[in-house]
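In: The sequence isn't on hand, but the structure is:
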């Protein structure tokens with residue numbers, strides 16, 4: 001027949017357990033002894049929380065311990081191997097780990113794995129288009145730890161690291177694509193959508209020449225404004241020395257303006273609002289000669305000496 005007793009492991013170390021049996025006839029047997037070793041429960045492993053950025057490459061979790069590690073999921077279900085967290089969604093997931101020494105398992109240590117979302121920078125601009133010679137100030141929707149700007153096809157920014165750089169007034173006419181790569185407080189990095197900035201040219205105007213004419217000339221001459229660069233269109237304004245035909249042509253009639261030196265002026269503003277420098281041409285209109293006859297005699301004889 002088996003006789004049993006419960007051993008309470010209340011302290012660490014070796015304990016001697018003895019047993020003495022007395023028969024029903026009062027006979028006492030020799031004492032039986034055994035030694036039981038009580039091991040300490042190990043402390044929980046040392047762990048640190050982990051942070052990733054969305055979509056980043058992740059690594060298997062780690063813990064510092066002297067015993068054998070056992071990993072558990074967020075529901076404290078035992079895992080067959082060390083977990084490697086996913087960074088496919090921005091969330092926080094908890095894992096647990098214990099260590100076992102001498103067959104004794106520690107309490108669970110918790111590791112929180114946080115996946116932070118990527119920043120989504122948005123570029124603002126004081127204006128999306130401007131005439132050459134006008135600076136444009138850029139900005140961001142919020143404050144970031146750092147930012148690096150890029151501008152193509154050529155860099156026309158006064159800085160690539162300022163939070164609010166400027167498209168310089170010296171930028172040549174053209175279309176510029178500007179983007180920015182930012183890093184937030186969680187060290188997560190992302191690039192913005194590109195912003196297009198258009199710099200329009202300042203028009204250059206050349207007027208055709210006017211041929212000097214007498215004031216009796218009533219056939220109009222056409223004066224033409226040539227605008228560069230090619231393809232620039234807009235509105236032209238002529239002064240009162242000519243009659244406007246189109247935005248780029250006018251007629252000059254000597255008999256209308258009479259004799260003198262006449263200055264024809266022309267102002268042009270492109271359809272993008274860019275003002276050309278005023279240009280002018282001088283037209284000469286000659287006065288008609290005035291003839292006065294002064295005869296020596298006003299009455300003469302036929303066939304006589306009338307000098």
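Out: Okay, I see it. Just so we're clear, the structure is a prediction, and the values are computed from it rather than from any experiment. Numbers count the residues shown, from 1 in each chain.
In: hey, where'd the helices end up in the stretch 201-307 of the chain?
Out: 254-257 (DSSP state H, counting those that start in this stretch).
In: what about the strands in it?
Out: 204-207, 213-214, 221-228, 234-238, 243-244, 249-252, 260-270, 279-286 (DSSP state E, counting those that start in this stretch).
In: mind checking how far the fifth one is from the chain centre?
Out: Offset of strand 243-244 from its chain centre (Cα atoms, centre = their mean, to the nearest Å): 48 Å.
In: counting contacts, what elements does that strand pack onto?
Out: Secondary-structure packing of strand 243-244 (3 or more Cβ pairs under 8 Å, 6 or more residues apart in numbering; DSSP states H and E): strand 249-252. Every residue, glycine included, has its C-beta placed from N, CA and C.
In: Show me what the strand it packs on is in contact with.
Out: 210, 220-225, 238, 241-245, 262, 264, 266, 283 (Cβ atoms under 8 Å, 6 or more residues apart in numbering).
In: before we move on, the earlier item: what's the closest of the strands of the stretch 201-307 of the chain to residue 128?
Out: Proximity to residue 128 (Cβ to Cβ) singles out strand 260-270 among these, at 16.5 Å.
In: Now do that closest one and strand 234-238, the angle between them.
Out: In terms of direction (axes from the mean of the first three to the mean of the last three Cα atoms, to 10 degrees), strand 260-270 departs from strand 234-238 by 160 degrees.
In: what does strand 260-270 rub up against?
Out: Counting by Cβ under 8 Å, 6+ apart, 200-201, 203, 205, 207, 210, 223, 225, 227, 232-239, 241-242, 247, 250, 252, 275-276, 278-285 sit against strand 260-270.
In: Only the buried residues of it, if you could.
Out: Judged by neighbour count (16 or more other Cβ atoms under 10 Å), strand 260-270 contains these buried residues: 262, 264, 266, 267, 268, 270.
In: same thing with stretch 224-236?
Out: Counting neighbours by 16+ other Cβ under 10 Å, the buried set in stretch 224-236 is 225, 227, 232, 234, 236.
In: what's the answer for stretch 51-65, then?
Out: Quick answer for stretch 51-65 (16+ other Cβ under 10 Å): 52, 53, 58, 61, 63, 65.
In: What of stretch 268-279?
Out: Residues of stretch 268-279 classed as buried by neighbour count (16+ other Cβ under 10 Å): 268, 270, 272, 274, 276.
In: For those, please prepare JSON lines with the additional fields distance to residue 3.
Out: Conversion of the buried residues of stretch 268-279 to JSON lines gives the following (distance: Cβ to Cβ, whole Å):
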{"residue": "268", "distance to residue 3": "117"}
{"residue": "270", "distance to residue 3": "110"}
{"residue": "272", "distance to residue 3": "106"}
{"residue": "274", "distance to residue 3": "109"}
{"residue": "276", "distance to residue 3": "116"}
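In: just those residues now: which is nearest residue 120?
Out: Distances from residue 120 to the buried residues of stretch 268-279, taken by Cβ to Cβ, are shortest for residue 272, at 31.5 Å.
In: Identify the residue nearest the closest one in space, chain neighbours excluded?
Out: Once flanking residues are discounted, residue 272 sits nearest to residue 200: 4.1 Å by Cβ to Cβ, 6 or more residues apart in numbering.
In: And for residue 84?
Out: Closest to residue 84 by Cβ to Cβ, 6+ apart is residue 60, at 4.7 Å.
In: Might one say that that neighbour is in contact with residue 83?
Out: Yes: in this structure, residue 60 is within contact of residue 83 by Cβ atoms under 8 Å, at 7.0 Å.
In: Can you get me a residue count around residue 295?
Out: By other Cβ atoms under 10 Å, 8 other residues sit near residue 295.
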